[in-house]
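Got a predicted model here, sequence first, then my questions.
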Amino acid sequence: MKIDYDAIKKLANLLEDTGLTEIEVADGDQAVRVCKGGTVVAGAAAPVAMASDPAIPQVANTGAIEAPAANSAGAVTSPMVGTAYLKPDPNSAPFVQKGDAVKAGDTLLIIEAMKVMNPIKAEKAGTVTQILVGDAQPVEFGDVLVVVE
C-alpha cells in the first residue's frame, strides 16, 4: 500500500477544522482512517462485513421464541407510559414470577409515571404464563406486560 502522507495531513487538518474526531476515506480496496484522541489498540483489525455464501448450508434457528400474546384474553396491557417495576423495591422479591397462581386484584407489577407508583393488578384469577417486560424497563401505552391465563 502506497502511503500518501499529504493526504493524511489534509485529513487531519479537516478533523481540526470541522471538530470531527474521526474520518475514513476509501478508494477501491485501500482505505485511510484518521482519528484524534481516544485509545489506539495495536494490531486490532477493523470489523469486516462478510456476505453469506449461498453455496454453504446454513443452520436454521429452530429455537422456540415466546411471542407476546397481545391478542390473548389474558394479556395485561399498560394503561400508561412509564417505567415498569417488577418488585416493590430493589431489595424485595418480584410481585409475580412465571408459573405463579394469582387471584383477581393481585398486584402483578407497578408502573411509575410522573413520580407516582401505579399498581397493575390482575383482572382475573389464573397462572402467569409470560412476563414480557424487564425490571425498570420503559413501557408505552398498550404494551403487553404480563399474560395471565
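Here it is on my side, so go on.

Got the domain ranges for this protein?
5-35, 75-148 (automatic domain parsing).

Which of the ones you listed has the lowest mean pLDDT?
Mean pLDDT values for the domains of the chain show the minimum at domain 5-35, a mean of 77.

buried set for that domain?
By neighbour count with 16 or more other C-beta atoms under 10 Å, domain 5-35 contains the buried residues 11, 15, 34. C-beta here means a position set from N, CA and C on the backbone, and glycine is covered the same way.

can you check stretch 87-99 too?
Buried, per 16+ other C-beta under 10 Å, within stretch 87-99: 95-96.

So that it lines up with my notes, have the first residue be 51 from now on.
Done: numbering now begins at 51, and the last item shifts to stretch 137-149.

and the buried residues of domain 55-85 as TSV, adding secondary structure?
Listed next are the buried residues of domain 55-85 as TSV, based on DSSP: H, G, I helix; E, B strand; the rest coil:
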residue	secondary structure
L61	helix
L65	helix
V84	strand
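
Show me which of those residues is closest to M164.
Nearest to M164 among the buried residues of domain 55-85 is L65, at 43.6 Å by C-beta to C-beta.

Next up, the contacts around the closest residue in space to that closest one that isn't next to it in sequence.
Leaving aside its sequence neighbours, L65 sits nearest to K86 (C-beta to C-beta, 6 or more residues apart in numbering; 5.4 Å). The neighbours of K86, taking C-beta atoms under 8 Å, 6 or more residues apart in numbering as the test, are 62, 65-66, 71-72.
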